[in-house]
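Participant: turn this into a model:
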Amino acid sequence: QVQLVESGGGLVQAGGSLRLSCAGFGRTFSTNAMAWFRQAPGKEQEFVATISWTGGSTSYSDSVKGRFTISRDNAKNTVYLQMYSLKPGDTAVYYCAAAPSVVAGRGQYDYAYWGQGTQVTVSP
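Facilitator: So this is what the prediction gives:
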């Protein structure tokens, strides 16, 4: 069974940091673009960051650029999201996604595999 499993979420104070991990199971994702999305209560799902299959190309939403870093370790079949200077507005469920291609854009329909999500809560 192909799965993406996120971990690393939790409760943190504003200004703090967290690192999310997303591990792939059931197949290798080393030739797939990967991404992080998030969804806050009552809001639509929002693109956060994407990374190409080699890790050589990344893209971020304006709201997280300069604070978040996406990276990957293909040997571990894992993608990461390092989050610094967290704000209450970053509170959301964070989802990992894999595209059926080596590079992908910011749209959710670019991605074929999704994890179950991990909750990130940032207190004031």
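Participant: what's the spatially most central residue of the chain sitting at in phi/psi?
Facilitator: With distances taken as CA atoms, centre = their mean, the residue of the chain nearest its centroid is residue 36 (2.4 Å). In terms of degrees, to the nearest 10, the main-chain angles of residue 36 are phi -120, psi 140.
Participant: could I get the contacting residues of it?
Facilitator: By CB atoms under 8 Å, 6 or more residues apart in numbering, the residues touching residue 36 are 20, 22, 48-50, 70, 79, 81, 94-97. Quick note: C-beta positions are derived from backbone N, CA and C, even for glycine.
Participant: distance check, it against residue 124.
Facilitator: 23 Å (CB to CB, to the nearest Å).
Participant: tell me the contacts of the residue of the chain most remote from its centre?
Facilitator: Using CA atoms, centre = their mean, the residue of the chain lying farthest from its centre is residue 124. It sits 22.6 Å away. Shown in contact with residue 124 (CB under 8 Å, 6+ apart): 13-14, 88.
Participant: of those, closest to residue 44?
Facilitator: residue 88 (18.5 Å; CB to CB).
Participant: end to end, how far does stretch 12-31 reach?
Facilitator: Taking CA to CA, to the nearest Å, stretch 12-31 runs 33 Å from one end to the other.
Participant: which outside residues touch that stretch?
Facilitator: With CB under 8 Å, 6+ apart, stretch 12-31 has contacts from 1-10, 34, 36, 53, 74, 76-88, 94, 96, 98, 102, 113, 115, 118, 120-124.
Participant: please identify the buried residues of that stretch?
Facilitator: Residues 12, 18, 20-24, 29-30 are the ones in stretch 12-31 that count as buried (16 or more other CB atoms under 10 Å).
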